[in-house]
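Chemist: Generate a structure from the sequence data that follows.
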Amino acid sequence: MDKVIEGFVTIAGLIAAIAIIALLVSPKATTAQVVQAVASGYGNNVATAISPVTGVQVQPNLSYPNSGGFGMPTFSMGLPGLQ
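Modeler: Numbers count the residues shown, from 1 in each chain. Next up, the predicted model:
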């Protein structure tokens, strides 16, 4: 079973490496939008992961890059200053 998981992780890593190389080499690459989309996805994952602990209902931000804002989810944990 470990070999199967190792194979999937290896393939996923190679795909990610090829995508990163293509992003860096291509003259048509939209690096800023890709970074923004990755950050948005990461922010949504973190907000969703901590929501059971904080008790906050999360509204994931599903906007596309350059559609406004930084693409990060907005949620409040009941603390002053967090909007």
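
Chemist: only C-alpha atoms for contact and neighbour calcs from this point on.
Modeler: Noted.

Chemist: per-residue pLDDT, the closest residue to residue 31 other than its chain neighbours?
Modeler: Spatial nearest neighbour of residue 31, chain neighbours left out: residue 23 (6.6 Å); criterion: Cα to Cα, 6 or more residues apart in numbering. Listed pLDDT for residue 23 reads 80.

Chemist: Provide a list of residues in contact with residue 23.
Modeler: By Cα atoms under 8 Å, 6 or more residues apart in numbering, residue 23 lies in contact with 29-31.

Chemist: And these, which is closest to residue 13?
Modeler: residue 31 (19.2 Å; Cα to Cα).

Chemist: Can you give me the buried ones in the helix or strand that contains residue 41?
Modeler: Using DSSP states H and E, the element containing residue 41 is helix 31-54. Neighbour counts over helix 31-54 (16 or more other Cα atoms under 10 Å) mark 36-37, 39-41, 43-44, 47-48 as buried.

Chemist: quick one: it to chain centroid distance?
Modeler: 4 Å (Cα atoms, centre = their mean, to the nearest Å).
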